[in-house]
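1. Coordinates for the following, if possible.
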Amino acid sequence: MNTNIVKALAKSYTYNAYREKVSNLINQGKSTGNTQSEDLLHYSELNETRMNRLEKTIKITDEVQTQINQLDKKYTWLVIAEGWCGDAAQILPIINKMADLSENIDLKIVLRDENESLMNDFLTNGGMAIPKLIIIDEDNNVIGDFGPRPEPARKLIADYKAANGVVDEPIKVELQKWYLHDKGVSTQNEIMQLMKSKELV
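-> Have a look, this model is predicted:
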């Protein structure tokens, strides 16, 4: 297995432990990560509320539940995230609910800024974009990765940036609306498609 993955897994968090760490830092007026600012703290607080809501409202589709129930091998789902990241807040609760459906999926979360070497192994167009889900099989092979966004959300941002040259507040608002409307379905389907493409399901 990739040494950076081994090192990251050794200091990884369960979903609940990750939520607790982010909450504790917010209570101290801090965010996760190497950089501290009022903006990052604000985003962390916003994401806390968002994740609380999503944990209650997100539903895994019947089709995805069936596919997950058919898994007969064990997998580690390793997610690189940070508490201030809006996309991570939208996607982590979905991944957690998927993982909860099967004893064959072990979900682990690591912080990007504490695992720079690992992040550098999974860049998106040369950038350290998160969240990033790394799927590892029981033989410790990386069989694929997903993120930082499902394809329709990626295209929304890419088209806006191509037209306007920036990713600013208006498109961030539109992105959150897109996530709300999609209800996590694109993320679920793309992750399972990735697993099926490797003939795992």
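2. As a check, name the ranges of all strands in the protein.
-> 75-81, 105-111, 132-137, 142-146 (DSSP state E).
3. Minimum distance to T124: which of those has it?
-> Closest of the strands of the chain to T124 is strand 132-137, at 7.5 Å (criterion: Cβ to Cβ). C-beta: built from backbone N, CA, C; applies to glycine.
4. Report the inter-axis angle for that closest one versus strand 142-146.
-> Going by axes from the mean of the first three to the mean of the last three Cα atoms, to 10 degrees, strand 132-137 is angled at 160 degrees with respect to strand 142-146.
5. all numbers from here: first residue = 35
-> Happy to do that; since the first residue is 35 now, the last one works out to strand 166-171.
6. Strand 166-171 pairs with which strands, parallel or anti?
-> strand 109-115 (antiparallel), strand 176-180 (antiparallel) (DSSP bridges).
7. Tabulate the CA atom coordinates of the last one in PDB.
-> Meaning strand 176-180. Extracted C-alpha coordinates of strand 176-180, given in PDB (Å, rounded to 0.1, in the frame of the first residue of the first chain):
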ATOM      1  CA  VAL A 176      -6.300   1.800  -4.500                       C
ATOM      2  CA  ILE A 177      -9.100   1.000  -6.900                       C
ATOM      3  CA  GLY A 178     -10.300   4.600  -7.500                       C
ATOM      4  CA  ASP A 179     -11.000   8.000  -6.100                       C
ATOM      5  CA  PHE A 180     -14.000  10.400  -6.200                       C
END
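8. contacting residues for the residue nearest the centre of the chain?
-> Centrality entry for the chain: nearest residue to the mean C-alpha point is P165, 3.8 Å, by Cα atoms, centre = their mean. If you count contacts by Cβ atoms under 8 Å, 6 or more residues apart in numbering, P165 has them with 113-115, 119, 121-122, 125-126, 181-182.
9. Adding pLDDT and neighbour count, write these out as CSV.
-> Below are the contacts of P165 laid out as CSV (pLDDT from 0 to 100; neighbours: other Cβ atoms under 10 Å):
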residue, pLDDT, neighbour count
V113, 98, 26
I114, 98, 28
A115, 98, 26
C119, 96, 24
D121, 96, 23
A122, 98, 27
I125, 98, 28
L126, 98, 25
G181, 95, 24
P182, 97, 22
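10. Could you report the distance from Y213 to F156?
-> The gap separating Y213 from F156 is 22 Å, by Cβ to Cβ, to the nearest Å.
11. Then G178?
-> 11 Å.
12. cool, D202 as well?
-> From D202 to F156 the distance is 26 Å (Cβ to Cβ).
13. quick one: which of the two has more around it?
-> Ranked by neighbour count (other Cβ atoms under 10 Å), D202 and F156 place F156 first, with 21 against 11.
14. who are the neighbours in contact with the more buried one?
-> 114, 166, 168, 179.
15. follow-up on the earlier one: among the strands of the chain, which comes closest to K93?
-> strand 139-145 (17.6 Å).
16. residues in contact with the closest one?
-> By Cβ under 8 Å, 6+ apart, strand 139-145 touches 42-43, 45-49, 52, 66-67, 102, 105, 108-116, 126, 129-130, 132-133, 152.
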